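# Starting from these lines, generate the structure:
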Amino acid sequence: MRKQGTLIVQSDFTVLLDGRQEHGELAAEQLAVFAELVKRPGDMHTYRITPLSVWNAASTGANGEQMIETLRQYGRYEVPAAVENEIREWAARYGKLRMEQCEGRLLLTCDCAELLTKLAGKPSVSEGLLQRDSEHSWSVKGAHRGYVKQELLKCGYPVLDLAGYHTGESLAVALKSNTADGVSFKARPYQERAVDLFYREGSAHGGSGVLVLPCGAGKTIVGIAALAKLQCATLILTSSATSVQQWKSELLDKTTLDEEKIGVYAGASKVVRPVTIATYQMLTHRGSKQAEFVHMGLFQERDWGLIIYDEVHLLPAPVFRMTAEIQATRRLGLTATLVREDGRAEDVFSLIGPKRFELPWKALEAQGYLAEVSCTEIRIPLHERLAERYYGARIRDRHRIASENSLKLAALQLLLERHAGHSIIIIGQYLSQLSIVAKRFGLPLLTGSTRQEERERCFSAFRRGETKIIVVSKIANFAIDLPDAAVAIQLSGSYGSRQEEAQRIGRIVRPKRDGGQAWFYTIVTDHTVETDYMVKRQLFMIEQGYRYQLESWNEKRLSQTGEEVSACLSVN
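Residues are numbered from 1 along each chain as shown. Sure, this is the predicted structure:
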């Protein structure tokens, strides 16, 4: 029986979801399995069905008929026949091509000989093939396992990789039942479930893939649990030196590994041990654009049985290329969002693996594993002194002018007064803006150039409550463990980055000791390109069920901060 016509399925594969209907939330939950949210203004939400969204759904066990049934069940009108046919076709393509091992040979197999002949004849694919092994198989060059998968995905055919993985160097490691300070420790049920779906013992489908969990949900614990289950030498790649230290601390605190088993390959330290933690920045360092990536040899330093890609959505192109060559090693991607603004989500799928597990943010909030977060967008006017400069500038320059609108300092002061006594993070994109804020309010400023020792000193003071407010650059986009941060105020960001918005909100979602909620504010200059970018930035969090309240503050309100507004406006 059709439920109130919640969905309107269009022939261009967009789906409109009417959130006002009785079954809107249920329809959205089922639709999100195989469709991507495009925009969500008001009550009418727009999704798009793509081959990749269908293949990710298929990798979890969903089939085309189930997807079509969702559209029919909640559809207001008949589902276009062309849409149904394409969904069936896309879903059927998942698993049609397989990568398998046979008597020591790597084979690309397909039940349809005609299709295999057609695809093998493409120059980009044939480059990675050796010879036709049979009517239904081709021998594949071992080093080209990843490249062949990449190229076939571009042709519209994902490869189900069943070729297996080598075990790597063995390593005795187990999870502790108590942490170093005597607190009882056990992985949460959803963390254990995520590891099981990645590992899938006895299944040819397991061994590599991406686990998507919200910020604050314990992705590091999931990675550590996977390491302990596989019992092998492991290379962990992460986003920053701060994150490297956090991984090391968690490994020492929650596993039986000691200092002698853990190496750090970041900054001045280049120690390789059975478990080695490195940064993407280190791996992609080179003296010039023409020089070799001197540290890529880390991938061959030991017989790694597992490579963990923390914050996998940040993978740089050189690491993608290296990953294409090491497909015999198990690969685990961890992220809060698979969104990539550069469109390389297909590379994550083909080289790391499909999405094995995803847990909605709101589901963990309901279970008490995440704090309740109130999101507010505060719109302020463009100061009149900036109008002529703004409208005479190029689009790219307009974004920065609007982002650094000096009226934001007055808005910031009002928010600091509103949340006096709370632990607050002020986040921004532009160092000049952040320097002004830090100087004006007498706050510590942490940027990419801040020495690691100073960063950790400030973060430790913040965790202890000795420092209540810190100003942080885009280093806050990455894993920073600040569990008691209750308020985040975003002054500026990287254009329309959905991933960045999620990461920044993720800094405050850890449950609070007092059980209280958290607040996220983004201050935006109204009637400028900044508001257009903000609509896109918020899409992922809205898809997760968050709602942004809108507050409009006029110049009169901003002037009521106890000072002359002009005192903080001359900065531009």
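# What segments of the stretch 251-400 of the chain are strands?
Listed in chain order, the strands of the stretch 251-400 of the chain (DSSP state E, counting those that start in this stretch) span 262-266, 269-270, 275-279, 306-309, 330-335, 355-358, 373-380.
# Reformat these as JSON lines; add mean pLDDT and distance to residue 249.
Yep, even glycine has a C-beta here, placed from its N, CA and C like the rest. Listed next are the strands of the stretch 251-400 of the chain as JSON lines, based on pLDDT from 0 to 100; distance: least, C-beta to C-beta, whole Å:
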{"stretch": "strand 262-266", "mean pLDDT": "94", "distance to residue 249": "10"}
{"stretch": "strand 269-270", "mean pLDDT": "90", "distance to residue 249": "15"}
{"stretch": "strand 275-279", "mean pLDDT": "96", "distance to residue 249": "11"}
{"stretch": "strand 306-309", "mean pLDDT": "96", "distance to residue 249": "16"}
{"stretch": "strand 330-335", "mean pLDDT": "94", "distance to residue 249": "17"}
{"stretch": "strand 355-358", "mean pLDDT": "88", "distance to residue 249": "25"}
{"stretch": "strand 373-380", "mean pLDDT": "95", "distance to residue 249": "26"}
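# Which among those strands is found nearest to residue 502?
Minimum separation from residue 502 across those (C-beta to C-beta) falls at strand 330-335, 9.5 Å.
# Please list the outside residues in contact with that closest one.
With C-beta atoms under 8 Å, 6 or more residues apart in numbering as the test, strand 330-335 has contacts from 165, 168, 198, 207-213, 219, 222-223, 226, 230, 305-313, 323, 348, 351-353.
# Let's see it as CSV, backbone CA atoms only.
Provided in CSV are the C-alpha atoms of strand 330-335 (Å, rounded to 0.1, in the frame of the first residue of the first chain):
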residue,chain,number,x,y,z
ARG,A,330,44.2,-5.4,3.5
ARG,A,331,43.0,-1.8,3.6
LEU,A,332,40.7,-0.1,6.1
GLY,A,333,39.4,3.4,5.5
LEU,A,334,37.9,5.4,8.4
THR,A,335,35.9,8.6,8.0
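# got the buried residues for it?
330, 331, 332, 333, 334, 335 (16 or more other C-beta atoms under 10 Å).
# same deal with stretch 132-148?
133, 136, 137, 138, 139, 140, 144, 145, 146, 147, 148.
# I'd like the secondary structure assignment at the residue nearest to residue 110 when sequence neighbours are not counted, please.
With sequence-adjacent residues excluded and distances taken as C-beta to C-beta, 6 or more residues apart in numbering, residue 110 is closest to residue 116, at 4.1 Å. Classification of residue 116 using DSSP: H, G, I helix; E, B strand; the rest coil returns helix.
# Direction included, what does the helix or strand harbouring residue 133 pair against?
The secondary structure element spanning residue 133 is strand 129-134 (assigned by DSSP states H and E). Each strand paired with strand 129-134, and its direction, by DSSP bridges: strand 137-140 (antiparallel).
# Tell me the gap between the helix or strand following the partner strand and the middle of its chain.
Using DSSP H and E, the next helix or strand after strand 137-140 towards the C-terminus is helix 145-154. Distance of helix 145-154 from its chain centroid, counting by C-alpha atoms, centre = their mean, to the nearest Å, is 23 Å.
# Can you give the contact residues for helix 145-154?
Contacts to helix 145-154, defined as C-beta under 8 Å, 6+ apart, come from residues 97, 99, 106, 108, 119, 122, 124-125, 127-129, 140, 158-159, 161, 163, 323-328, 346-347, 349-351.
# can you rerun that using 7 Å?
By C-beta atoms under 7 Å, 6 or more residues apart in numbering, the surrounding residues in contact with helix 145-154 are 97, 99, 106, 108, 119, 124-125, 128, 140, 159, 161, 163, 323-325, 327, 346-347, 349-351.
# do stretch 14-23 as well
3-9, 24, 27-28, 31, 35, 43-49, 74.
# Show me these that map onto strands.
7, 8, 9, 44, 45, 46, 47, 48 (DSSP state E).
# Am I right that the last one is in contact with residue 35?
Yes: contact criterion C-beta atoms under 7 Å: residue 48 and residue 35 qualify, at 6.4 Å.
# Quick one: the helices in the stretch 51-200 of the chain, in order.
Shown for the stretch 51-200 of the chain, the helices assigned by DSSP state H, counting those that start in this stretch span residues 51-59, 64-74, 81-93, 113-120, 123-126, 145-154, 189-199.
# for the first one, what is the average pLDDT?
So that's helix 51-59. Across helix 51-59, pLDDT averages out at 93.
# and what of the fifth one?
Per-residue pLDDT values over helix 123-126 give a mean of 94.
# related to what we said a few turns ago, ranking by neighbours, what's the top pick from the ones in strands among the contacts of stretch 14-23?
residue 7 (29 neighbours; other C-beta atoms under 10 Å).
# count of residues packed around the closest residue in space to residue 212 that isn't next to it in sequence?
Sequence neighbours aside, residue 358 is the residue nearest to residue 212 in space, at 4.0 Å (criterion: C-beta to C-beta, 6+ apart). When counting by other C-beta under 10 Å, one arrives at 18 neighbours for residue 358.
# Could you do the one 4 residues further on as well?
Residues within reach of residue 362, counting by other C-beta under 10 Å, total 15.
# residues contacting it?
544, 545.
# Could you measure from it over to residue 20?
19 Å (C-beta to C-beta, to the nearest Å).
# got a list of what the residue nearest to residue 110 touches?
By C-beta under 7 Å, 6+ apart, the contact set of residue 116 is 110, 136, 138.
# give me the number of residues near the first one?
Residue 110 has 21 neighbours, counted by other C-beta under 10 Å.
# In this structure it contacts residue 96, no?
Yes: the pair residue 110 and residue 96 passes the contact test of C-beta under 7 Å, sitting 6.2 Å apart.
# where in the stretch 151-300 of the chain is pLDDT low?
Along the stretch 151-300 of the chain, segments meeting pLDDT under 70 span 201-206.
# who touches the residue at minimal distance from the centre of the chain in this structure?
Residue closest to the average C-alpha location in the chain (C-alpha atoms, centre = their mean): residue 337, at 3.1 Å. Residues near residue 337 by C-beta under 7 Å, 6+ apart: 212, 313, 498, 499, 502, 540.
# thought the third one was touching residue 340?
Meaning residue 498. No: contact between residue 498 and residue 340 fails when scored by C-beta under 7 Å: they sit 9.6 Å apart.
# Start and end of stretch 120-138, how far apart?
8 Å (C-alpha to C-alpha, to the nearest Å).
# So what touches it?
107-111, 113, 116, 119, 139-141, 144, 147-148, 151-152, 155.
# go with 8 Å
For stretch 120-138, contacts defined as C-beta under 8 Å, 6+ apart pick out 102, 105, 107-111, 113, 116, 119, 139-141, 144-145, 147-148, 151-152, 154-155.
# from the chain's centre, how far out does it sit?
For stretch 120-138, the distance to the chain centre is 35 Å (C-alpha atoms, centre = their mean).
# element containing residue 438, please.
For residue 438, the element it lies in under DSSP H and E is helix 431-441.
# For residue 549, state which of the buried residues of stretch 132-148 is nearest.
Ranking the buried residues of stretch 132-148 by separation from residue 549, with C-beta to C-beta as the measure, puts residue 146 on top at 45.1 Å.
# do you know how far that closest one is from residue 333?
14 Å.
# ok so, going back, which other helices and strands contact the helix holding residue 438?
When contacts are defined as 3 or more C-beta pairs under 8 Å, 6 or more residues apart in numbering; DSSP states H and E, helix 431-441 sits against helix 407-418, strand 445-446, strand 469-472.
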